[in-house]
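> here is a sequence together with a model predicted from it:
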Amino acid sequence: MAKFEMDTEFVRKLAEILEENDLGEIELADGDRRIRIARPTVTYATAPMAAASAPVAAPAAATPAGAADLAKHPGAVKSPMVGTAYLAPEPGKPNFVAVGDKVTAGQTILIIEAMKTFNPIKAPKAGTVMQILIDNAQPVEFGEALMIVE
């Protein structure tokens, strides 16, 4: 087996791409040579979470047209993936945010579990949580409005 030369500058650039694009991992192959760069993931308890640790705004029991309208709201925080949304970091802990809370840009406001990986969903801008449109442990779709932050 031939010795594998490691281009550390190339590895650094791949790591930067991971960070800039908020990716979990990158894997490349060139013939027999393979490289995989992965960010550490935060793992939370995978047990079902108890519902209703804090009052939440009425979930969207709206018509599909009403849900589409909320997704167009300028303060809508939309799901970047399909998965299960959790409002708290783990069972028995307080929710990340509640209606009326002030948030800063980049603050984690919920997590979405997809393929046994828990992905933090961050506030896209500073503001106030006006509505929480989902229930805890609710399945969500790509592009679905999760919260309104104004």
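Arrived safely.
> low-scoring stretches of the protein, by residue?
For the chain, applying pLDDT under 70 flags the ranges 1-6, 39-68.
> nearest to the spatial middle of it, which residue is it?
Ile121 (3.2 Å; C-alpha atoms, centre = their mean).
> looking at it, that residue is touching Val103, isn't it?
No. In this structure Ile121 lies outside contact range of Val103 using C-beta atoms under 8 Å: 11.5 Å. Every C-beta, even on glycine, is put in place using the N, C-alpha and C of the backbone.
> which residues do those two both contact?
Common contact partners of Ile121 and Val103 (C-beta atoms under 8 Å, 6 or more residues apart in numbering): Ile109.
> does Leu110 have beta-bridge partners, and which?
Note on Leu110: beta-bridge partners by DSSP bridges are Ile121.
> what's the host helix or strand of Glu9 in contact with?
Applying DSSP states H and E as the criterion places Glu9 in helix 8-20. By C-beta under 8 Å, 6+ apart, the surrounding residues in contact with helix 8-20 are 23-26, 28, 35, 37-39.
> out of those, who's the most crowded?
Neighbour tally across the contacts of helix 8-20 (other C-beta atoms under 10 Å): the maximum, 17 neighbours, falls on Ile37.
> let me see the contact set for that one.
So Ile37 contacts 11, 14-15, 18, 25-27 (C-beta under 8 Å, 6+ apart).
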